[in-house]
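A.B. asks: Fold the stuff below for me.
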Amino acid sequence: MNETVSIDEKGRLVLPKKIREEAHIGFNTKLVVRASGVGRVELSDPKILTTKAQEIGGKKLAGWSEEEHEATDYLLGFMKAKNETH
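C.D. replies: Take a look at the predicted model:
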C-alpha cells in the first residue's frame, strides 16, 4: 500500500491510519528511524529489532562456551599468576 504524506515545517509527518494498521504500529509507539538512501527512510519497531538480533545472536553463538575461548584462558592464567605473586 502506498500513501503520500507531507513533512511540516517542524519536520513532522503523520503516518496514515491504513499504513499504521498494516504495519501493526499502535499509538505512542517509539520507532527507530534511519536513512536508507537519498530520499528514503525506514521506520522500525525497536522491540522487533531486538527480537531479531537475539534470534540471530542465539543461532550464531549456539554451542559457544566462554571456557573454550582463548582470551578467557589467557585472562584466567594472568589472574592466577598475579594472585600467586601477591
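A.B. asks: Which residue ranges of the chain form strands?
C.D. replies: Secondary structure of the chain (DSSP state E): strands located at 32-35, 41-44.
A.B. asks: which residues touch the last one?
C.D. replies: The contact list for strand 41-44 (Cβ atoms under 8 Å, 6 or more residues apart in numbering) reads Leu15, Ile25, Leu31, Val32, Val33, Arg34, Ala35, Ser36. Where you see a C-beta, it was placed from the backbone N, CA and C, and this is true even at glycine.
A.B. asks: And the second one, how far from Lys47?
C.D. replies: Right, Ile25. Per Cβ to Cβ, to the nearest Å, Ile25 is found 11 Å from Lys47.
A.B. asks: Looking at those two, which has the bigger crowd around it?
C.D. replies: Neighbours per residue (other Cβ atoms under 10 Å) separate Ile25 from Lys47, with Ile25 holding more: 13 against 10.
A.B. asks: show me what contacts the more buried one?
C.D. replies: Leu15, Ile19, Leu31, Leu43, Asp45.
A.B. asks: what's across from the residue nearest to the third one when sequence neighbours are not counted in the sheet?
C.D. replies: Leaving out its chain neighbours, the residue that sits closest to Leu31 by Cβ to Cβ, 6 or more residues apart in numbering is Leu43, at 4.5 Å. Per DSSP bridges, residues listed as beta-bridge partners of Leu43: Val33.
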